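Enquirer: After the sequence you'll find the predicted model.
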Amino acid sequence: MKARPILILLLFAASVLVLVWLYHASAGSSRKRAASPWQETIADLDECSRDKHARSAQYTHFADIAERENDRQSARLFRAMALSEGIQEQNCVKALSRLGGTYVPPSKVVVFRNSTGENLARSIDLEQHRFTERMCPQIDRAVSAGNRYAAKMLIWSAAIGRQHVRLMQARNPAVCAAGPLDYAVCPVCGNIYDTEFCDHYCPHCLTGCKDFVWFR
Ligand SMILES: [Zn+2]
């Protein structure tokens, strides 16, 4: 008769041990499920999105400075590039979300306050530095990981960055006396054009030029 409570106690202890084991086994498998094979690509897309966010804020600020200096062409270019960067940010965020990542934009962006000439020179240097130091390795990693969608978004971003450099260089009177007057931005991929050489269709995403956002 005295063995019965001990048996019940042993059965209770065994049940507790089984429950604890089941809990840990289930937590372990959810951790395994949560680990995404795209962690590196997600981190690259996150970095690219944050870069684009900061540049969009910076270019908007530079446009305000150019307007105060009565340099309307540079102001138009900076506004067009700000929109272009914002669209690219959203595209990178979309890609990142589809891979299971989450994005929080930078809460604060430090903007620089120089003359338009200095802002153009600084922006050209930064774009060129980002292209070689960040964009090219990010594209290589996405291609190596076999993620063509992420690679496409990053390639678009890199190509548009090169276009930004070309358009900013054309604002230098020593390089080009007149420079382009108007700009257009593809609302789907953020590709940017000076309207003198504007395509009928965006070569990245095939959006028709009638849908472009014009800066005149
Ligand atoms: Zn496009």
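Expert: The structure has been received and is ready for your questions.

Enquirer: in this structure, which spans are helices?
Expert: 3-34, 39-68, 72-98, 116-130, 136-144, 148-169 (DSSP state H).

Enquirer: what does the chain put close to the ion?
Expert: Counting by CB under 5 Å from the ion, the residues of the chain close to the ion are C186, V188, C189, N191, C202, H204, C205, T207. In short, each C-beta sits where N, CA and C put it, glycine included.

Enquirer: Could you report the neighbour count for the closest residue to T60 other than its chain neighbours?
Expert: Excluding its sequence neighbours, the residue lying closest to T60 (CB to CB, 6 or more residues apart in numbering) is A82, at 4.4 Å. Each residue near A82 was counted by other CB atoms under 10 Å, and the total is 19.

Enquirer: separation between A82 and G101?
Expert: 25 Å (CB to CB, to the nearest Å).

Enquirer: Distance from the chain centre to stretch 62-71, please.
Expert: 26 Å (CA atoms, centre = their mean, to the nearest Å).

Enquirer: Buried by neighbour count: which residues of it qualify?
Expert: Across stretch 62-71, burial judged by 16 or more other CB atoms under 10 Å covers F62, A63, I65, A66, E67, D71.

Enquirer: and the first one, what does it touch?
Expert: What it means is F62. S74, F78, T116, N119, S123 (CB atoms under 8 Å, 6 or more residues apart in numbering).

Enquirer: From these, pick the one nearest the ion.
Expert: Distance to the ion across these (CB to the ion) is lowest for F78, with 20.0 Å.

Enquirer: Check what pLDDT that closest one gets.
Expert: Looking at F78, its pLDDT reads 96.

Enquirer: my read: it touches D71, true?
Expert: No - using CB atoms under 8 Å, F78 makes no contact with D71, being 9.6 Å away.

Enquirer: Please consider this matter closed, and thank you.
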